[in-house]
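1. Show me the folded form of this:
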Amino acid sequence: MLHDDRGKCAFAQQAYVDGLPHRANPYWYVLEFCRHVGLKVTPRGATWYARIRTIDGRYHQTTLGRARFQNFDGNRYDWAVARADLWFRSEKTRDKASPSAPRGTRDTMTYCPYGAVYTVGHALEEFIAWKKLAATPMSLSNMVSNINYNIVPRLASIPLEDFSASHVHAFAVDILETLPKFGNQPYQGRTKLSLLTDEELRRRKAVFNAQISILRGAFELAWENGKIESERAWRCLRRLPVAERPRITFLSRAECTRLLNHCPEALRNLVLGGLYTGCRAKELSQLRVMDVGRNGYGIHVTPSKTGRARFVFLPDEGMAFFLSLCEGRQPRDHVFLAPKGNPWTGQHKEPFKAAVRAAGLPENVVFHGLRHTYSSQLVQAGVSLSIIARQLGHADTQTVAQTYGHLASWHEEDEIRQCFAPLSPKFEALAQTQSKRLQEIRYQLQASENRSASFEPRSNRVRSDTNLLEFIARHRRIR
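-> Residues are numbered from 1 along each chain as shown. I've put the predicted structure just below:
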């Protein structure tokens, strides 16, 4: 029987069904991926539908029967789900339908540890159980996906007491030579390390290091729980040195204006929200009227990816924008609404791509790039990295420094140039007479792609350098 998830489907609530606006096309609800139940509402009444995604990527639908709608007698949601299930399982439908999959994200391993010997799989299972209490749903989902795809096929059956550096080495080679898989793409095989480009190798190293972090957490927990006697299993885990790549895709103020001019009204509001706050699309879609101006001059962002709430301060223009969206609305109403009046739930992606193309911007600009744009502009304006980190919801400044630190060099240059009192009247006068030449040199260096300091790691344990902005903010000028 299909999982109907009726507790979350609004079709199960008769009051919701009675309040649906009339329209020509059905409203759809995903029972399972590639399996949908729909409700079409017209002035004559309402009708239940079922729909499948076919093998060739199209949709095929059928009418199930009359729905109960306002003054019309008919069938309810659970009846429609049962009828849809019969149609899905019919031989004619089954032959043309794509394989179905449960909706939602997986929070368990695809491997079931067994036997008295404590294996890597046992350790991972206990680690997942702990993370269900400690991690956010998104972090848990990403971690389980990594475990199932990268770790389980390679390491799950190895006894943890026998785990050693040789296993780590073989695991590293296997990860580095295996090409990444996105979504439902087929397996693409392996590529020798010598044939990988520098960027491909850098990305594969980052993937390997993510798996090492998971294994270290699982092995340390197993040792702390007394499941293994030796510390070797987690002490032999080593990360590979990875060159950090600064974020370089962000928009100028002129490009932001161009993008806004090509956005429909509902999307334009969402884009403005991202540019004023640096919030993720999901954070903006969850924002309520009561969160605007809540205990401060800005917006209160509810916990999402990081599991921590935060307050984002706004400029006057941004505050006026948010207040205008809230005017005449109820406290629990969503601030940002899609064109049909419902909350945004990911349907912004395609119209955003269309606006990017219409504005003549690079194809790799996505909505999350507005967050990078917001951050980069704050960095270049000389705002303290600790303030930027709090605005973005990061626990510390490390991520901000690694991602945007190269942009701070322009502001650092201005700070350093103004820090020192003159030592030689002769060269002070020379600098004033050659000010035009010095200015030209500064602009040439700022425009250079190679101006930023090297982001190559010195070792596999070194964190990024502390940004000079933090140093300058704490110390008085040299006199």
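
2. Per the annotation, how does the chain divide into domains?
-> Segmentation of the chain into domains, based on automatic domain parsing, reads 10-102, 120-235, 250-479.

3. do you know which of those lies nearest residue 241?
-> Closest of those to residue 241 is domain 250-479, at 4.3 Å (criterion: C-beta to C-beta). Bear in mind the C-beta positions are built from the backbone N, C-alpha and C, glycine included.

4. for the protein, which spans come out with low pLDDT?
-> 1-8, 104, 182-188, 244-248, 304-307, 402-421, 439-479 (pLDDT under 70).

5. Go through it and flag its longest helix.
-> If you go by DSSP state H, the chain has its longest helix at helix 198-224.

6. What helices and strands are in contact with the helix or strand following it?
-> Downstream of helix 198-224, the next assigned helix or strand under DSSP states H and E is helix 232-235. Secondary structure elements in contact with helix 232-235, counted by 3 or more C-beta pairs under 8 Å, 6 or more residues apart in numbering; DSSP states H and E, are helix 198-224.

7. residues of the helix it packs on that come out buried?
-> Residues of helix 198-224 classed as buried: 201, 203-205, 208-212, 214-223 (neighbour count, 16 or more other C-beta atoms under 10 Å).

8. follow-up on the earlier one: distance to residue 108 added to the domains of the chain, as a markdown table?
-> Putting the domains of the chain into a markdown table (distance: least, C-beta to C-beta, whole Å) gives the following:
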| stretch | distance to residue 108 |
| --- | --- |
| domain 10-102 | 11 |
| domain 120-235 | 7 |
| domain 250-479 | 20 |
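
9. Let me know whether residue 212 touches residue 239 as I believe.
-> Yes: with contact defined as C-beta atoms under 8 Å, residue 212 and residue 239 form a contacting pair (5.3 Å).

10. what about the strands in the stretch 151-300 of the chain?
-> 298-301 (DSSP state E, counting those that start in this stretch).

11. Neighbours of residue 394, how many?
-> By the criterion of other C-beta atoms under 10 Å, residue 394 has 19 neighbours.

12. Hmm, residue 387 and it touching each other?
-> No: using C-beta under 8 Å, residue 394 is not in contact with residue 387, being 11.1 Å away.

13. Around the residue nearest to residue 362 when sequence neighbours are not counted, how many other residues sit close by?
-> Distances taken as C-beta to C-beta, 6 or more residues apart in numbering put residue 249 closest to residue 362, at 7.0 Å, once the chain neighbours are dropped. Residue 249: 14 surrounding residues under other C-beta under 10 Å.

14. could you check the distance from residue 249 over to residue 399?
-> Distance of residue 249 to residue 399, computed by C-beta to C-beta, to the nearest Å: 16 Å.

15. likewise residue 429?
-> Distance of residue 429 to residue 399, given as C-beta to C-beta: 45 Å.

16. show me the contacts for residue 43.
-> Taking C-beta atoms under 8 Å, 6 or more residues apart in numbering, we find residue 43 in contact with residue 22.

17. let me fix that: residue 232
-> Going by C-beta under 8 Å, 6+ apart, residue 232 touches 163-164.

18. gap between it and residue 62?
-> Distance, residue 232 to residue 62, using C-beta to C-beta: 60 Å.

19. Can you name the helix or strand that the residue sitting furthest away from the middle of the chain falls in?
-> Centroid-distance maximum for the chain: residue 426 at 55.4 Å, with C-alpha atoms, centre = their mean. Secondary structure from DSSP H and E places residue 426 in helix 425-433.

20. which residues sit against that helix?
-> Identification of contacts with helix 425-433 by C-beta under 8 Å, 6+ apart yields 422, 438.

21. Now that helix - C-alpha only, PDB.
-> The C-alpha atoms that make up helix 425-433 are tabulated as PDB, following Å, rounded to 0.1, in the frame of the first residue of the first chain:
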ATOM      1  CA  PRO A 425      59.700  64.000   5.000                       C
ATOM      2  CA  LYS A 426      61.500  63.400   1.800                       C
ATOM      3  CA  PHE A 427      59.600  60.200   0.800                       C
ATOM      4  CA  GLU A 428      56.300  61.700   2.200                       C
ATOM      5  CA  ALA A 429      56.700  64.600  -0.300                       C
ATOM      6  CA  LEU A 430      57.700  62.200  -3.100                       C
ATOM      7  CA  ALA A 431      54.600  60.100  -2.500                       C
ATOM      8  CA  GLN A 432      52.400  63.200  -2.700                       C
ATOM      9  CA  THR A 433      54.000  64.300  -6.000                       C
END
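
22. Contacts made by the host helix or strand of residue 49 with the rest, please.
-> Assigned by DSSP H and E, residue 49 falls within strand 45-53. Outside strand 45-53, the residues within contact range by C-beta under 8 Å, 6+ apart are 17, 20, 26, 28, 33-40, 59-69, 72, 74-75, 79-80, 83-84, 87-88, 93, 96-98.

23. So which of those sit within strands?
-> If you go by DSSP state E, the contacts of strand 45-53 have 28, 33, 35-40, 59-66 in strands.

24. Phi first, then psi, for the residue nearest to residue 338 when sequence neighbours are not counted.
-> Once flanking residues are discounted, residue 338 sits nearest to residue 344: 5.2 Å by C-beta to C-beta, 6+ apart. The phi/psi pair for residue 344 (degrees, to the nearest 10) reads phi -70, psi 130.

25. Same question for residue 101.
-> Torsion angles at residue 101 (phi, psi; degrees, to the nearest 10) stand at phi -150, psi 150.

26. mind checking how far residue 129 is from residue 383?
-> To residue 383, residue 129 is 41 Å away according to C-beta to C-beta.

27. More neighbours: which of these two?
-> Taking other C-beta under 10 Å, residue 129 and residue 383 do not tie; residue 383 has more neighbours (17 against 11).

28. Near residue 317, how many other residues are there?
-> Based on other C-beta under 10 Å, the number of other residues close to residue 317 is 9.

29. List the contacts of it.
-> residue 276.

30. so which strand or helix has it?
-> According to DSSP H and E, residue 317 maps onto helix 316-326.

31. I'd like the distance from that helix to the chain centre, please.
-> Centroid separation between helix 316-326 and its chain, computed with C-alpha atoms, centre = their mean, to the nearest Å, is 26 Å.

32. Just the CA trace of that helix, in PDB.
-> Taking C-alpha atoms only, helix 316-326 is exported to PDB below (Å, rounded to 0.1, in the frame of the first residue of the first chain):
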ATOM      1  CA  ASP A 316      16.700  51.600   6.400                       C
ATOM      2  CA  GLU A 317      15.900  50.700   2.800                       C
ATOM      3  CA  GLY A 318      15.700  47.000   3.700                       C
ATOM      4  CA  MET A 319      13.500  47.600   6.800                       C
ATOM      5  CA  ALA A 320      11.100  49.700   4.700                       C
ATOM      6  CA  PHE A 321      10.900  46.900   2.100                       C
ATOM      7  CA  PHE A 322      10.000  44.200   4.700                       C
ATOM      8  CA  LEU A 323       7.500  46.500   6.500                       C
ATOM      9  CA  SER A 324       5.800  47.200   3.100                       C
ATOM     10  CA  LEU A 325       5.300  43.400   2.500                       C
ATOM     11  CA  CYS A 326       3.800  43.000   6.000                       C
END
